[in-house]
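**Student:** Below is the sequence, then the predicted model.
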Number of protein chains: 2
Amino acid sequence: MSGPLVVGVDVGGTKIAVLIATPDGAILGQSVRASSVGAQDEAAEAIASTIESALAEAGASVDDVAIIGVGVPGRVDPVAGHVSIAVNLGWTDLDLRAALEARLGRPCVIENDARAAALGLHHRRVAGGADDIAYLAVGTGIAAGVILGGRLHRGSRGLAGEIGHAIADAAGPVCTCGQRGCLEALVSGPSIARRATLALANGNRSSRLAAIPADRLTARDVYEAADAGDPLAVQIVEDVGRRLAWAIHLLVMTYDVERVVLGGGVSHAGDTFMAPIQRELDRLRAASPIAGELLPRNVVEPLPVGADAGVLGAVAIAQQALQRDDGFGVRLASGEEVRHA
Amino acid sequence: MSGPLVVGVDVGGTKIAVLIATPDGAILGQSVRASSVGAQDEAAEAIASTIESALAEAGASVDDVAIIGVGVPGRVDPVAGHVSIAVNLGWTDLDLRAALEARLGRPCVIENDARAAALGLHHRRVAGGADDIAYLAVGTGIAAGVILGGRLHRGSRGLAGEIGHAIADAAGPVCTCGQRGCLEALVSGPSIARRATLALANGNRSSRLAAIPADRLTARDVYEAADAGDPLAVQIVEDVGRRLAWAIHLLVMTYDVERVVLGGGVSHAGDTFMAPIQRELDRLRAASPIAGELLPRNVVEPLPVGADAGVLGAVAIAQQALQRDDGFGVRLASGEEVRHA
């Protein structure tokens, strides 16, 4: 295989996923390193070596690479390639673009993972090909990426879509951010697990959930218990569904997007995850003609089966940068211009 | 005075305001007709005759007019110039552009009033000259107009900014739209008055508010009573402030706008209106570093004193159409092209 190649990297809390693609987005190979990216001063090395392995498996080398896109679950300045904070990775103020470019000698673009995923979904014409879509990631954190009129919406400070910290319940639990009642404090994976352990500690009964040590109980356990009819788990996943329907309603009412695509680890629970959301949306549709019109039955859909929105999104931001669509260019952060022979 | 002139019209529940301006937006004259626009089959005539009076007062005629912009508190298709619903005017399915153009023979553009107002504020570089701003109108209804990257955001169906029907309190009162707990059901002018009359009916005491017949009590009375220290009124306006701070927080978290400008009839209560909002924003800022950063003290500001955002916004949409910035052109809905000599 020879270049020019586009590389997409999705950096998660427990894995680094790499996709090798053509500039048109055709997928040539992929590789997943199933371990933590590690401390922030080792992050660039961990990412770079995973990229090199993926390239080697595909019979290519770094010299074949035109550009690398990296999605990070945190707050990113996409022009500087600076990650100011990525809570779930434990990073603060990391110049990831400069570090990766110094290590690999190829241009890199860094973007928030939910925003990158939204761009990737739009590139691949998911969501009925609509040009106004939101991608809502429900995982360790909660974030939305929004495409408006076919373009990625970043906002004045690159923080658009911080719906995880919208206040869903003023009387709700305190969030890691310090506010009370953030959506993330109610429906993220860790929050769902915490709600179950708290309920058990408060005397609620659930033979299925009580059988799992509290420090190992996950959102997945809660969804599996709900699937098996456990009343406490059902109560929690129904409430999560109501909260997420609220968030979908909010994304539609503010942005007027046509479709909301749901992804993230929690969404892997499939129908047990989606059904309570659709039930609450049904209730809103029945209550209000406006909601009925703005929230048609197909307003929300889960990610297509098997689609890895994160790494496809990382490819999409690299493709977009390659097309110089976006003010990034294919220069290194050092200013040197890199051209692929 | 001779043309070409730009005319802006703001159609409200109890008045029609008209502004005569140059294509650069310099104001040449204005006129307010302080009566209801009336039934929808008389609306075009009422608007047209108010425009003619304003032009006559300014020593001009319809022949001098290049374009007319009209802001309407309702749901508008700005390309067709069709108002599908304007609840507070009692209109449904009105082809306002066609009717006005048939009556006046000049091109007209119709837009939702909050969106038009946002564009007008941006044209006039209110809000520190920021290119990402929201205008939140708190009046008979609640709506936001949003400028993103210097451009008016309409959304996929022209409904962006319908924050009045975001659910602020799932246990709140039922809204006119049918949903429970919409922001509008808690903080619009009529909702504020209704909260006061309900509280009195439920035995809450307020000598100031009880002295006003229930069917004549307005939000203005509630703010005046709060200003005078009436405990029930203070309690209501504090809650309204908390709800509006929630909405401001939401606009910032979703759109990542830099500034939110507050207007609409309820905002005329001045400091009694603004202080509870700032107190709640202070509380959010103190609770969370993210909120502290995204909600600086100047994130919210009232409309500049004396600014009529509605009619200035109507001028702005007409100017924008004149500059063919927007796909409208200066054609009549009939297809005929109108050029000013």
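**Tutor:** Cool, the structure landed.

**Student:** residues in contact with stretch A:310-320?
**Tutor:** A:6-10, A:12, A:17-19, A:21, A:23-25, A:27, A:30, A:67-71, A:78, A:109, A:111, A:113, A:115-124, A:145, A:326, A:328 (CB atoms under 8 Å, 6 or more residues apart in numbering or on different chains). Yep, even glycine has a C-beta here, placed from its N, CA and C like the rest.

**Student:** Cross these against strands and list the overlap.
**Tutor:** Using DSSP state E, the members of the contacts of stretch A:310-320 that fall in strands are A:6-10, A:17-19, A:21, A:27, A:30, A:67-71, A:109, A:111, A:145.

**Student:** still on that earlier bit, so which of the contacts of stretch A:310-320 also contact chain B?
**Tutor:** By CB under 8 Å from any CB of the partner chain, no member of the contacts of stretch A:310-320 lies near chain B.

**Student:** For these, which ChimeraX command selects only the ones that are buried?
**Tutor:** Buried residues within the contacts of stretch A:310-320, by 16 or more other CB atoms under 10 Å in any protein chain shown, are selected in ChimeraX with:
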select /A:6,7,8,9,10,12,17,18,19,21,23,25,30,67,68,69,70,71,78,109,111,113,115,116,117,118,119,120,121,122,123,124,145,326,328
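
**Student:** So which bits of stretch A:47-66 are buried?
**Tutor:** A:47-48, A:50-52, A:54-55, A:58, A:60, A:62, A:64-66.

**Student:** From these, pick the one nearest chain B.
**Tutor:** Ranked by distance to chain B (CB to the nearest CB), those are led by A:I47 at 26.0 Å.

**Student:** who touches that closest one in this structure?
**Tutor:** Contacts of A:I47 by CB under 8 Å, 6+ apart are A:9, A:11, A:16, A:37, A:70, A:100.

**Student:** who touches the first one in this structure?
**Tutor:** Applying CB under 8 Å, 6+ apart, one finds that A:V9 lies in contact with A:16-19, A:47, A:50-51, A:68-71, A:311, A:314.

**Student:** try 10 Å this time
**Tutor:** Counting by CB atoms under 10 Å, 6 or more residues apart in numbering or on different chains, A:V9 touches A:16-19, A:31, A:47-48, A:50-51, A:54, A:68-72, A:100, A:108, A:110, A:310-311, A:314-315, A:318.

**Student:** If we ignore the residues flanking it in sequence, what's nearest it?
**Tutor:** In space, and not counting its chain neighbours, A:V9 is closest to A:V70: 4.6 Å by CB to CB, 6 or more residues apart in numbering or on different chains.

**Student:** surely that neighbour meets A:V11?
**Tutor:** Yes: A:V70 lies in contact with A:V11 (CB atoms under 10 Å); the separation is 6.4 Å.

**Student:** Are there residues contacting both of those two? Which ones?
**Tutor:** By CB under 10 Å, 6+ apart, the residues touching both A:V70 and A:V11 are A:18, A:47, A:83, A:96, A:110, A:113, A:314.

**Student:** got these as TSV, with pLDDT columns?
**Tutor:** Shown next, in TSV, are the shared contacts of A:V70 and A:V11 (pLDDT from 0 to 100):
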residue	pLDDT
A:V18	96
A:I47	96
A:V83	94
A:L96	97
A:I110	96
A:D113	95
A:A314	97
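
**Student:** Nearest to A:G263 among those?
**Tutor:** Top of the list for closeness to A:G263, among these and by CB to CB, is A:D113 at 10.2 Å.

**Student:** which residues sit in contact with the closest one?
**Tutor:** By CB under 10 Å, 6+ apart, the contact set of A:D113 is A:10-12, A:70-74, A:76, A:86, A:135, A:137, A:139, A:141, A:143, A:145, A:264, A:309-311, A:313-314, A:317.

**Student:** Grab the nearest non-local neighbour of the residue of the stretch 51-200 of chain A found nearest chain B.
**Tutor:** Of the stretch 51-200 of chain A, the residue with the smallest distance to chain B, taken as CB to the nearest CB, is A:G155 at 2.3 Å. Excluding the flanking residues, the one nearest A:G155 by CB to CB, 6+ apart is B:D256, at 2.3 Å.

**Student:** for A:Q179, same thing?
**Tutor:** The nearest residue in space to A:Q179 (CB to CB, 6+ apart) is B:S288, at 4.3 Å.

**Student:** Quick check: phi and psi on that neighbour?
**Tutor:** Here is the backbone geometry of B:S288 (degrees, to the nearest 10): phi -140, psi 130.

**Student:** Double-check it against B:L295; I have them as touching.
**Tutor:** Yes: B:S288 is in contact with B:L295 according to CB under 10 Å; the separation is 9.1 Å.

**Student:** hey, what's in contact with both of the two?
**Tutor:** Residues touching both B:S288 and B:L295 (CB under 10 Å, 6+ apart) are B:H249.

**Student:** Out of the buried residues of stretch A:47-66, which sit inside strands?
**Tutor:** Counting by DSSP E, the buried residues of stretch A:47-66 contribute A:65-66 to strands.

**Student:** Need the buried residues of stretch A:47-66 in TSV (columns: distance to A:D227).
**Tutor:** Shown next, in TSV, are the buried residues of stretch A:47-66 (distance: CB to CB, whole Å):
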residue	distance to A:D227
A:I47	36
A:A48	40
A:T50	34
A:I51	38
A:E52	41
A:A54	35
A:L55	40
A:A58	38
A:A60	42
A:V62	45
A:D64	45
A:V65	43
A:A66	45
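
**Student:** Need the CA coordinates for stretch A:15-30. PDB is fine.
**Tutor:** Output in PDB follows, covering the C-alpha atoms of stretch A:15-30 (Å, rounded to 0.1, in the frame of the first residue of the first chain):
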ATOM      1  CA  LYS A  15      -8.600   2.200  24.100                       C
ATOM      2  CA  ILE A  16      -7.000   3.800  21.100                       C
ATOM      3  CA  ALA A  17      -8.700   3.000  17.800                       C
ATOM      4  CA  VAL A  18      -6.900   3.800  14.500                       C
ATOM      5  CA  LEU A  19      -8.400   3.700  11.000                       C
ATOM      6  CA  ILE A  20      -6.300   3.900   7.800                       C
ATOM      7  CA  ALA A  21      -8.300   5.400   4.900                       C
ATOM      8  CA  THR A  22      -7.900   6.900   1.400                       C
ATOM      9  CA  PRO A  23      -8.400  10.700   1.000                       C
ATOM     10  CA  ASP A  24     -11.900   9.700  -0.200                       C
ATOM     11  CA  GLY A  25     -12.600   7.900   3.000                       C
ATOM     12  CA  ALA A  26     -12.400   4.400   1.800                       C
ATOM     13  CA  ILE A  27     -11.200   2.200   4.700                       C
ATOM     14  CA  LEU A  28      -8.000   0.300   4.100                       C
ATOM     15  CA  GLY A  29      -7.200  -1.000   7.600                       C
ATOM     16  CA  GLN A  30      -7.800  -0.600  11.300                       C
END
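
**Student:** Just checking the distance from that stretch to the centre of its chain.
**Tutor:** Relative to the mean C-alpha coordinate of its chain, stretch A:15-30 is positioned 17 Å out (CA atoms, centre = their mean, to the nearest Å).

**Student:** could you measure the residue of the stretch 51-200 of chain A closest to chain B against B:D221, distance?
**Tutor:** To B:D221, A:G155 is 39 Å away according to CB to CB, to the nearest Å.

**Student:** How about A:A127?
**Tutor:** Distance, A:A127 to B:D221, by CB to CB: 48 Å.

**Student:** More neighbours: those two, which one.
**Tutor:** Taking neighbours as other CB atoms under 10 Å in any protein chain shown, A:A127 and B:D221 compare with A:A127 leading, 25 against 19.

**Student:** what's the domain layout of chain A?
**Tutor:** Following automatic domain parsing, one gets these domains for chain A: A:5-117+A:307-322, A:128-302.
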